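1. Let's see this in three dimensions:
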Amino acid sequence: MSTPNLHDCVRTSMEAYFRDLNGTDPAGLHEMLVKAVEKPLLEVVMQQSQNNQSRAAQWLGLNRNTLRKKLLEHHLIE
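-> Predicted coordinates for the structure are as follows:
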């Protein structure tokens, strides 16, 4: 059995989320999903870059200041 890719994992989770809503309209779905994915992404990238923000920003295709802002928003740095 093959390991599901990220796309499939997100799709399966979103389908389950809508099932769990049981007909209730969702609110703020885009922001909720971005925040749910962004924090673990930043955690892993920072770990793999040995907390080198310049390297992590380059890997993510972000400006270093934008990365720093996101790290602060997710309470990953002080």
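
2. got the contact list for the helix or strand encompassing Thr66?
-> Assigned by DSSP states H and E, Thr66 falls within helix 64-73. In this structure, residues lying in contact with helix 64-73 by C-beta atoms under 8 Å, 6 or more residues apart in numbering are 38, 42, 46, 53-54, 56-57, 60, 62, 77. Heads up, the C-betas are built off the backbone N, CA and C, glycines and all.

3. Spatially, which two of those residues are the most separated?
-> Glu38 and Ser54 (19.0 Å; C-beta to C-beta).

4. Beyond the longest helix anywhere in the chain, next helix or strand please.
-> With secondary structure taken from DSSP state H, the chain has its longest helix at helix 29-48. Next along the chain after helix 29-48, taking DSSP H and E as the criterion, comes helix 53-60.

5. so how many other residues sit close to Leu67?
-> When neighbours are defined as other C-beta atoms under 10 Å, Leu67 has 22 of them.

6. go on, Leu60?
-> Neighbour tally, Leu60, other C-beta under 10 Å: 17.

7. where does it land on pLDDT?
-> We have a pLDDT of 98 for Leu60.

8. Kindly provide the distance from it to Ser2.
-> Computed with C-beta to C-beta, to the nearest Å, the distance linking Leu60 and Ser2 is 27 Å.

9. Same check on Val10?
-> On the measure of C-beta to C-beta, Val10 and Ser2 end up 17 Å apart.

10. Between the two, which has more neighbouring residues?
-> Each of Val10 and Ser2 has its neighbours counted (other C-beta under 10 Å); Val10 has more, 14 against 5.
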